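**Student:** how would this look folded up:
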Amino acid sequence: MKKAKIYKPNKTAMQSGLGKIDKWVLEFKTKDPTINPLMGWESSSDTYTEVKLQFTTKELAITYAKKNKINFEVIEPKQRKVVKKSYADNFLN
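**Tutor:** Below you'll find the predicted structure:
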């Protein structure tokens with residue numbers, strides 16, 4: 001049985017805005033990672049790990065997983081705390 005995780009990716013450190021993080025991703029987990037004896041890299045014969053499916057909503061991703069009989073785990077995104085700051089606060093202390 002295939003296992004997958006459904007999550008909303010974080011923004012990269014190179015982004016200042018919140019663009020391109022509104023999609024939900026279904027990503028398959030590796031069954032048996034092994035070490036390649038020649039190069040020492042981690043490899044697997046499971047090709048599902050190369051597949052990442054993007055969905056507009058979490059519900060669509062869950063529906064797809066249930067329809068295709070995929071065991072899944074939903075990882076909820078952490079909510080950001082936004083602290084409003086003013087430039088004038090630097091001079092008031």
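
**Student:** partner strands of the helix or strand of the chain with the lowest mean pLDDT, parallel or antiparallel?
**Tutor:** When the helices and strands of the chain are scored by mean pLDDT, DSSP states H and E, strand 42-43 comes last with a mean of 80. As defined by DSSP bridges, the strand partners of strand 42-43 come to strand 34-35 (antiparallel).

**Student:** average model confidence for the strand it pairs with?
**Tutor:** Taken as a whole, strand 34-35 carries a mean pLDDT of 84.

**Student:** Kindly report the same for stretch 63-76.
**Tutor:** pLDDT averaged over stretch 63-76 gives 94.

**Student:** follow-up on the earlier one: figure out how far the least confident helix or strand of the chain is from the centre of its chain.
**Tutor:** Counting by Cα atoms, centre = their mean, to the nearest Å, strand 42-43 is centred 20 Å from the centre of its parent chain.

**Student:** Quick one: residues in contact with it.
**Tutor:** With contact meaning Cβ atoms under 8 Å, 6 or more residues apart in numbering, strand 42-43 is reached by 33-36. C-betas here are computed from N, CA, C, even on glycine.

**Student:** Using PDB, list the CA coordinates for the helix or strand following that strand.
**Tutor:** Proceeding C-terminally, strand 42-43 gives way to strand 52-55 as the next helix or strand, assigned by DSSP states H and E. Extracted C-alpha coordinates of strand 52-55, given in PDB (Å, rounded to 0.1, in the frame of the first residue of the first chain):
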ATOM      1  CA  LYS A  52       4.800  15.400  -6.300                       C
ATOM      2  CA  LEU A  53       1.200  16.300  -7.000                       C
ATOM      3  CA  GLN A  54      -0.100  19.800  -6.400                       C
ATOM      4  CA  PHE A  55      -3.700  20.700  -5.500                       C
END
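
**Student:** Tell me who's in contact with Ala65.
**Tutor:** 4, 6, 26, 71-72.

**Student:** Equivalent analysis for Lys3, please.
**Tutor:** Contacts of Lys3 by Cβ under 8 Å, 6+ apart are 28-29, 70-73.
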